[in-house]
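# Coordinates for the following, if possible.
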Amino acid sequence: MRLSWLKDEVYRRLLRLCEDDACPEQEVVASELDGPDTRFLANPWYREDPVERLELRDRWALQEFIDTVHPSLDLHHYLSRASGRETATGLDVPCHFSGRDRELRDLADWLARPEGDGAAVAVVTGGPGTGKSALLGVVVCCTHPKLSKALDTVVNHIPARNRPDPWEAVAAVHARGMTLSRVIDTIAAQLEMAAPDDGWTTQGFVDAIAALPVEPLIVLDALDEARESVRITVELLGPLARREYADGPRSRPCRLLVGVRPYGEWLQPLLRAASQPGQLLVDLDDTDREDLTDALAEYVEGLLQDAGTYSRRSPVRRALARAVARRIESAGRSAPAGGGAEFLTAQLAARSIGTLPPLAAGDVQEAVDRLPLTLAALLDGQLFAEDGLAWARPVLTAIAFGKGEGMPAELIRSTAAAFHPSGDRPSRENVLEVLASMSFFLRRDIDPEYGTTLYRLFHQELVDHLTATAPMSGGPR
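Residues are numbered from 1 along each chain as shown. From the prediction side, this is the model:
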């Protein structure tokens, strides 16, 4: 780490804190840095590889952009889902969103309906891994007034006919692990609504939304993963979804778009509201299987091309993508519950194929037939097949049980012992090795108060799988 870089980062952070707290601007005083040898400040993560250094700069640039838009907007979630990639390290991320043309066109038309037309609520539902967050991610990237200007690779990837227009006011919430009060605070912060001195009540917040001069679009994803999903639905989303609202300047408080798995009786009133004339209910479990196969093939081909192994071998790449898509679709069709998680399975399958020696055209079908193309097999094969990573399962399981924005490395180290058969505690190096090797499956965020890196798994299906199969200290559970 260059000491001059550290000094510049301290200065930028200090200026931001002064601005946020309305304090006088402070000056960072430093000695000349050209002469002294500063290896005492060695950075163990520093790499000479210019590509890795570029990715690091892109990650910092992305974090700076997130802070500019709003820290409470989980841009990593929406951007990674919209782009079809497991993580996003920069604003210029390639976009592999594919399929769902009819559903995206319906959402664009619903968003374009005039204010007095009664269109208050849309719900995107479907089983895990069917692409709910991807659809909502595209909507957020295209409609948010700041994101739509910065995320060209995502916005321009969407055909114009299916692309939602930008809105003047958008609040996007990733509700995973959230309480009702936190959801309210997040929406209010993004819409720049000042809270009353005694804090928000739910009814007071709904009244304030309805009184805004511009109709806002509120997007709430992963409702079923919220800590207080029932309260959020009954006390907040129900009133926000009402078509008539007498006390505000409009016929409804806002435009409301929700992503949720279709489970639980508590959800039925919201689903019924979305199925009324003028509203929109998008069920991703109800899809044309041939269209699904085409979308999966396009998605897998894009991922294989992006990975590089097949970037100049288009005939083999297309045959491979089509064979993988057909097998995943067939497995989903024959599953007892009607399938699901096809796109997550396709993403993991593409990564698994990328680790194999390049295939010849004549070997494609046989190789695909041998692949374990079930979600559980792909997860276990990729999470725990690495040689020498004895701590992979305990570390990732510890992260799976984490709450909120994620866990810092030291807390992961302490928690991982609970999932080791003998109760041993990993060394710091053990944890860092797993975090580096398993980065594909991880999301990284920066704690805004302490500046530490927080880790969490990039998809809820990974969380569900690891918590359900968690080995406990002293032997398997």
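# With only the CA atoms kept, save stretch 139-156 in PDB.
Taking C-alpha atoms only, stretch 139-156 is exported to PDB below (Å, rounded to 0.1, in the frame of the first residue of the first chain):
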ATOM      1  CA  VAL A 139     -36.300  -1.900 -13.300                       C
ATOM      2  CA  VAL A 140     -34.200  -0.200 -10.600                       C
ATOM      3  CA  CYS A 141     -31.300   0.300 -13.000                       C
ATOM      4  CA  CYS A 142     -33.500   1.800 -15.700                       C
ATOM      5  CA  THR A 143     -35.900   3.900 -13.600                       C
ATOM      6  CA  HIS A 144     -33.600   5.400 -10.900                       C
ATOM      7  CA  PRO A 145     -32.700   8.900 -12.100                       C
ATOM      8  CA  LYS A 146     -29.000   8.500 -11.200                       C
ATOM      9  CA  LEU A 147     -28.500   4.800 -12.000                       C
ATOM     10  CA  SER A 148     -30.100   5.100 -15.400                       C
ATOM     11  CA  LYS A 149     -27.400   7.600 -16.500                       C
ATOM     12  CA  ALA A 150     -24.500   5.700 -15.100                       C
ATOM     13  CA  LEU A 151     -25.300   2.000 -15.800                       C
ATOM     14  CA  ASP A 152     -25.100   2.100 -19.600                       C
ATOM     15  CA  THR A 153     -24.100  -1.600 -20.000                       C
ATOM     16  CA  VAL A 154     -27.300  -2.700 -18.200                       C
ATOM     17  CA  VAL A 155     -29.700  -0.100 -19.600                       C
ATOM     18  CA  ASN A 156     -28.600  -0.400 -23.200                       C
END
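# which residues touch that stretch?
By C-beta atoms under 8 Å, 6 or more residues apart in numbering, the residues outside stretch 139-156 that reach it are 65, 68-69, 75, 78-79, 82-83, 91-95, 97, 107, 111, 138, 158, 163-170, 172, 217, 219, 257. C-beta: built from backbone N, CA, C; applies to glycine.
# From the residues you listed, list just the buried residues.
Among the contacts of stretch 139-156, those buried by neighbour count (16 or more other C-beta atoms under 10 Å) are 65, 69, 75, 78-79, 82-83, 91, 93, 95, 97, 107, 111, 138, 158, 163-164, 166-167, 169-170, 172, 217, 219, 257.
# Make sure residue 428 is actually in contact with residue 409.
Yes - using C-beta atoms under 8 Å, residue 428 is in contact with residue 409, at 7.4 Å.
# These two: which is more packed in?
Neighbours per residue (other C-beta atoms under 10 Å) separate residue 428 from residue 409, with residue 409 holding more: 16 against 10.
# and the nearest residue to the more buried one once chain neighbours are set aside, how far is that from residue 253?
Residue nearest to residue 409 in three dimensions, not counting chain neighbours: residue 431, with 5.5 Å by C-beta to C-beta, 6 or more residues apart in numbering. Per C-beta to C-beta, to the nearest Å, residue 431 is found 46 Å from residue 253.
# Who has more neighbours out of these two?
Legend: neighbour count by other C-beta under 10 Å for residue 431 and residue 253, higher for residue 253 (25 against 22).
# Can you tell me the SS state at that one?
Assigned state for residue 253: coil (three-state reduction, DSSP: H, G, I helix; E, B strand; the rest coil).
# residues contacting it?
With contact set as C-beta under 8 Å, 6+ apart, residue 253 has these partners: 206, 209-210, 239-240, 242, 245.
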